[in-house]
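S.K.: no FASTA, just this:
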Ligand SMILES: Nc1ncnc2c1ncn2[C@@H]1O[C@H](COP(=O)(O)OP(=O)(O)OP(=O)(O)O)[C@@H](O)[C@H]1O
Ligand SMILES: Nc1ncnc2c1ncn2[C@@H]1O[C@H](COP(=O)(O)OP(=O)(O)OP(=O)(O)O)[C@@H](O)[C@H]1O
Ligand SMILES: [Mg+2]
Ligand SMILES: [Mg+2]
Ligand code: NI
């Protein structure tokens, strides 16, 4: 009794692909069940099946029950009566999950009107919007999705989800696109809802921090199977299955870093008073820093704080309105394209998104060879083989196209390419944000190893504090275009001076439920 | 291991419509270019006495026209002109449009603004005007029609390509190549054009179909190629004047062939669109 | 806005200088074979054709800025008056055709998208493609033969009235020409809409709407359609010159003297002021059309709403 | 068919009223009997001649082209024996304001033309008004023109006096709309002001229906409707005092955008007097069953392809008479007429219109000196040193025989620029190319719109770049329409503007001069004989002016080869 939603022997296949096999678990009233597992393990399809939202070609067997009604076999009309009303869903992508041409108010109102007959829907809409913590709800209701930030949009999604007081909310990676501070707020919101309304929540996520923060129970999926389930403390602290252990081990933890700031040397990159305007808005405001020979500078900060822009300026992809950038002691503002070429050979860059930084029409080998061709390096083929070897990509992969690789493999290709010319400076822009934790772990390992061997200097951009903690010698924290704090890794993470840095550190959840609970309490 | 091209081919062949289109096109080409080798007819010297025969008379399966040319043979000859002009003009328009759009989109800034305002102006000038002026300045011939039709229809591909180019310019792989010291020419040639090729090829098939129609339209307006050359559009518009007498054989065959050609290229275009569609791609 | 003006200006230059490339100059075209040397000279003097080209262009531009499109060489009317008389006619015809085409194409395109890659979709695709690939003059001709001359259901001429009200009053006579115009663009619109709806059906917001419990019908009508229309509206703006070309055929077949015909005749006789005037108006209309399309698009799609300079 | 559908398009013409279909794209746009360049279209003069009676007019409705005194404003002109003075007596006609037509009205015309000759549409150097040295008013009804030299009376009346248009001096001799009437025309400056004022008024098309100037006429009709779109309705003028009284109450001229559109309307009975394209002749019986009769309207014209004798490449070839003869022998006019024009054209063998018959045509021309004969044609070339090669093209292999200026190895390759837009022309050109290829002449066809063809085919000197054209065809509607007297000074006289191919021959010039300046009728015959043999151009069949379709209850008599209309004489039964 008390099971609100239960899956029994649920199997889902897409033609050949078995996306989920014999999946069984239940969610009780007021309980949060987290579903974790590597990418493609069947988390989303399982969740989607509860609402009958799978594409037609999916074959589903097994039972899904809402309280004691079998819902998998319900006819369309009854199923629709259920959707949004008793089971609601919050989707991963807040950017695209809302219709761009309808107002927020209209979309929330629609969710209500489809199931309820209220005299004053507008009032209810405003109420809901303020419930999910949007300021000026009256005004927000009249706005369009593009006028809202990602976090706000995610709140709108939640407002829609709770509009009919559903029995279950399924939240599919509700915070992946958001930065830690916003993430923390969303999580608080979900928790509050659960407490107040007794809603059952199925939470799909790859962040163990989130799991630790919110979940009561955890279901671990691996290649379509549930390999382990149990209370959050049991699973996170005392994992039984081999895969769960591997997964947890791969999660980077803040406060485990070891690298020290090194003695100041001739700076490879010096940025002074950098200011960048986008449509009159200061994306980067008077930023100055240096990176010495062989040093890794971690650049952290919330989403949109200007990290990528700083990185792009450093290599001349973006023209600043003010400030100087000196590469290897030369001010690049005064360099002609021709003089710039030899400098370019000494810089490598790994872009934020591994998928888009490789030309989909070039093979792995061609991608890696491109800088060699551009700078007419000798013995190209040998060098490519050597590089692929260095990033642990086998010979058999060299003729594949990027879309035939996994995310991790793609990231390695772009690292190999960045290192092709033995750069003295590497700019790595969130090289792991698109990856799942296990893949991320292997890339970070590789990176550390290469950096130790090749001794290149590096600007390492990330919003994941734990990752930076692991790699950086020194850390700079950006907030709204400004560097608010910089110093050695140990200083910044160990004894933050600035309020913002402290908030950032506090907001980052740790994948330990006990510790996380304490942190939450201390945060207040 | 299968490269993206073989996979694309498979996807293309799996699309039934595309397959039908491709089959149609092969048939048409065979009819126009191989047909005359087996079905030999006089298409230069006139025989006025034999003019305007109904189908079947004197061994002319589709009858003859005013000048005594065998109509079936004429359809083949006309098809060569229509297909050649259609293909060449479509490709010309696509190539010009592609390069123009790629450069404009890639360069951005004022170069882009100037180049695209030229395209805007071109779009704003009715194609009819350019056709009329071209007909007045030069005399119609196959190369001339190819050039003119190519020149009036490159604007849309240019627009399309520019949009692609703008989007691709910002892609990290183009930026990374530039960052590594690559030139603009390489960026356009090696990255931007190849990555927009799907859109471009699909558009090219539509351009070809449109060019075939435009030849018909131009003939209707009396700007066609002088006799004894022929094209389907010209035959169709000539035939129309006899339609009041129920001379279906003058209208139906060229009309049908035009429709078949346009459909064939459109089907192929649809198939290619699917074949190049990234959403269909992936694993 | 400034760019729009520049576009129109470029058009005037291109057109003006292109026209000068026509061999023989306008005099022969206007005056005919029998013209004497004296007539040619008198004509050229009267029209200022004996002056150097740039001077002629400047005169033209100066008058144009004063709102004067000049005077036809041979129609004995001011180009402005000619256009004022013909433009509404063409607008009525193309406007109605477009409207009818949209009214048919929207449900058709949506339906095809819903049934995509199934027999219904293929069948409808075949029908629209058939329409698309049949030259306009053939469509108009068949309509005329069947419904005009054959059955006598509809008049074979478009309304002959000179006023817009008069044209609408003769609504029966509008049927065939409007249908001809419709056939020309219907296929394009419906194919466009189909692919747009297909794209939109893949969007995440559709999934969101489904998760809310909205019916498929509601999703199409309230969500997808509005999103799809933005791209169709953008296309409409650029379709103007194409429709103008198509209008000529309808005008010739249905005895309806509009802009297409005015232009065509001027081209036949080298009536440069009329040619220039018509091309100018059409290009302005195109530019205005795309601006309007932008505005409409902004009305539908808030993302494109931004301050224009 | 049986159902009543359109309004006002009943199956037969309404009593007393006729709807006439104007040619495609013809919109009447000039009302003043004094034309300026650009506004001389025949449908304009057809209309204003019915409002303002011309001094003389010719027509061919009787079967030959002759002076039609009934439709003119004067008695037969009298020429003095020396041929240098012509005396004209006016008829009793009344202007709309009730005043009589007087010699002052003729003088008014003469003054305006004399002082504004370069602006006048009918001017050509040496002709009117240059060849009149003096206007003498004998009295109110009689005047004399004194000529600068003797002219052929036939020529002068038919080609010069027909341009004289008495105009209502008492209504029009002013310089502004509400200015006083006076003798402004008698001074040069005044005449110019009056001319400019009248032209400005005539340029105001929208006011044609209302402007009092245009209501001042003396003709059998007056304007009821004259729209800018070209719709014109004339009604019988009750005040007309002449002898050519209209039996029709009303005639409407209806504009059409294309022949197709006209044909569609014709089929539904929407016009009483229309036309069809020759391609639609197959529908003849269906039209006849709908109450129409189909009649060719033959034109007073000839159709030809000029040789450009000054072309640097082909000029020398064209100058050889045997080449021109060979080419003419290769033109199968009879088959072209029958199969391409479907008998709606008349084979032509010389410079005088072949049909209707006239006293001007020579027997030589009538009997075709160069009948279709490929063998003969081939033989002509071969006997002059040309040999047909493997590619089917003849080359000159014996320059001594070929003629001066033709080098050995010169191929017989010619280019022909032809008018586009007509199926019949396309076919005729294809036929020409085909038959010429049989005698070893390779003809390259190019097509362009009519005015490009005209622009490209100018009389020129060999060194000029515009002399690159070799052959040119612009005769879909007939190459040259004559005035009543078909003399050829403008097309075949040395140095004449419309002598496009720069044909020149002293004998021809002599004969032409004789035909225009002596009273001798045979001078035209000799001219016709000589040019039929000398082949200044390739003679081709002359297409009819139009193929008319006329309601059976409308009786129009013969159609006028001069392409004018006499609706006042039509009857509706
Ligand atoms: N529409 C579909 N067609 C075919 N296969 C699909 C489809 N949707 C999902 N799959 C497959 O089903 C499997 C499970 O996918 P699912 O989206 O549930 O993964 P996930 O666990 O949510 O991964 P992620 O963490 O990356 O979101 C994958 O192998 C995926 O490729
Ligand atoms: N091309 C651009 N045009 C206009 N604004 C831009 C552009 N690129 C970035 N911005 C804006 O500049 C600010 C900083 O962006 P930047 O990409 O540097 O952030 P970031 O710190 O890298 O964020 P994230 O963690 O999400 O990658 C943001 O407000 C962003 O919206
Ligand atoms: Mg997922
Ligand atoms: Mg970034
Ligand atoms: Ni398509």
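M.R.: Cool, the structure landed. Predicted, not measured: the structure shown is a model, and the values here were computed from it. Ligands and ions are numbered 1, 2, ... in the order given.
S.K.: The helix or strand containing residue A:151 and ligand 2, any residue contact?
M.R.: Using DSSP states H and E, residue A:151 sits in helix A:150-162. No: residues of helix A:150-162 contacting ligand 2 under CB under 6 Å from any ligand atom: none, with a closest distance of 9.0 Å. For glycine as for every other residue, the C-beta is placed from the backbone atoms N, C-alpha and C.
S.K.: just the angle between the helix or strand following that helix and helix A:150-162, please?
M.R.: Per DSSP H and E, the first helix or strand lying C-terminal to helix A:150-162 is strand A:168-172. In terms of direction (axes from the mean of the first three to the mean of the last three CA atoms, to 10 degrees), strand A:168-172 departs from helix A:150-162 by 150 degrees.
S.K.: Let me know the next secondary structure element after strand A:168-172.
M.R.: helix A:180-197.
S.K.: Partner strands of the next helix or strand after that following helix, with direction?
M.R.: Elements were assigned by DSSP H and E; along the chain past helix A:180-197, the next helix or strand is strand A:200-204. Strand A:200-204 has the following strand partners under DSSP bridges: strand A:32-37 (parallel), strand A:168-172 (parallel).
S.K.: How about strand A:200-204 and ligand 1, touching?
M.R.: No: Strand A:200-204 is not in contact with ligand 1 by CB under 6 Å from any ligand atom; minimum separation 6.6 Å.
S.K.: How about chain D: which residue is closest to ligand 1?
M.R.: residue D:260 (55.4 Å; CB to the nearest ligand atom).
S.K.: Compute the mean per-residue pLDDT across stretch A:313-333, please.
M.R.: Across stretch A:313-333, pLDDT averages out at 85.
S.K.: quick one: is that stretch near ligand 2?
M.R.: No: using CB under 6 Å from any ligand atom, stretch A:313-333 stays clear of ligand 2, coming no nearer than 8.1 Å.
S.K.: Let me see the mean pLDDT of the helix or strand that contains residue A:77.
M.R.: Assigned by DSSP H and E, residue A:77 belongs to helix A:76-82. Helix A:76-82 comes out with an average pLDDT of 84.
S.K.: do stretch D:98-115 as well
M.R.: The model assigns stretch D:98-115 a mean pLDDT of 94.
S.K.: That one and chain C, are they touching?
M.R.: No: contact of stretch D:98-115 with chain C (CB under 8 Å from any CB of the partner chain) is absent, the minimum separation being 12.7 Å.
S.K.: How far does that stretch sit from its chain's centre?
M.R.: Distance of stretch D:98-115 from the chain centroid (CA atoms, centre = their mean, to the nearest Å) equals 26 Å.
S.K.: ok, and for it, which residues are buried?
M.R.: D:99-115 (16 or more other CB atoms under 10 Å in any protein chain shown).
S.K.: From the residues you listed, which land in helices?
M.R.: D:103-115 (DSSP state H).
S.K.: Can you tell me which of the residues you listed is nearest residue D:486?
M.R.: Of all those, residue D:113 has the smallest distance to residue D:486: 24.3 Å, by CB to CB.
S.K.: which sections of the chain are below the confidence cut-off?
M.R.: Unless you meant another one, I'm taking chain A. Within chain A, the segments meeting pLDDT under 70 span A:1, A:94-95, A:177, A:263-264, A:354-355, A:434, A:523-524.
S.K.: you looked at the wrong chain, it should be chain C
M.R.: Looking at chain C by pLDDT under 70, you get C:1, C:24, C:238, C:245, C:303-309.
S.K.: just to revisit the earlier point, output the strands paired with strand A:200-204 as JSON lines; include the columns mean neighbour count and distance to residue A:313.
M.R.: Conversion of the strands paired with strand A:200-204 to JSON lines gives the following (neighbours: other CB atoms under 10 Å in any protein chain shown; distance: least, CB to CB, whole Å):
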{"stretch": "strand A:32-37", "mean neighbour count": "26", "distance to residue A:313": "38"}
{"stretch": "strand A:168-172", "mean neighbour count": "25", "distance to residue A:313": "36"}
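S.K.: Including distance to residue D:525, could these go into JSON lines?
M.R.: JSON lines is the format used below for the strands paired with strand A:200-204 (distance: least, CB to CB, whole Å):
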{"stretch": "strand A:32-37", "distance to residue D:525": "111"}
{"stretch": "strand A:168-172", "distance to residue D:525": "104"}
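S.K.: what's the closest of these to residue B:134?
M.R.: strand A:168-172 (58.8 Å).
S.K.: Pull the residues that contact the closest one.
M.R.: For strand A:168-172, the surrounding residues in contact (CB atoms under 8 Å, 6 or more residues apart in numbering or on different chains) are A:4-5, A:27, A:43-44, A:47-48, A:50-51, A:66, A:86-92, A:158, A:161-162, A:190, A:193, A:199-204.
S.K.: list the contacts for the residue nearest to residue D:208 when sequence neighbours are not counted?
M.R.: In space, and not counting its chain neighbours, residue D:208 is closest to residue D:226: 4.0 Å by CB to CB, 6 or more residues apart in numbering or on different chains. Contacts for residue D:226 (CB under 8 Å, 6+ apart) come out as D:28, D:31, D:205, D:208-209, D:232-233.
S.K.: same thing with residue D:252?
M.R.: With CB under 8 Å, 6+ apart, residue D:252 has these contacts: D:17-20, D:225, D:231-234.
S.K.: before we move on, what about residue A:419?
M.R.: Per CB under 8 Å, 6+ apart, neighbours of residue A:419: A:348, A:387, A:390-391, A:426, A:450, A:454, A:456.
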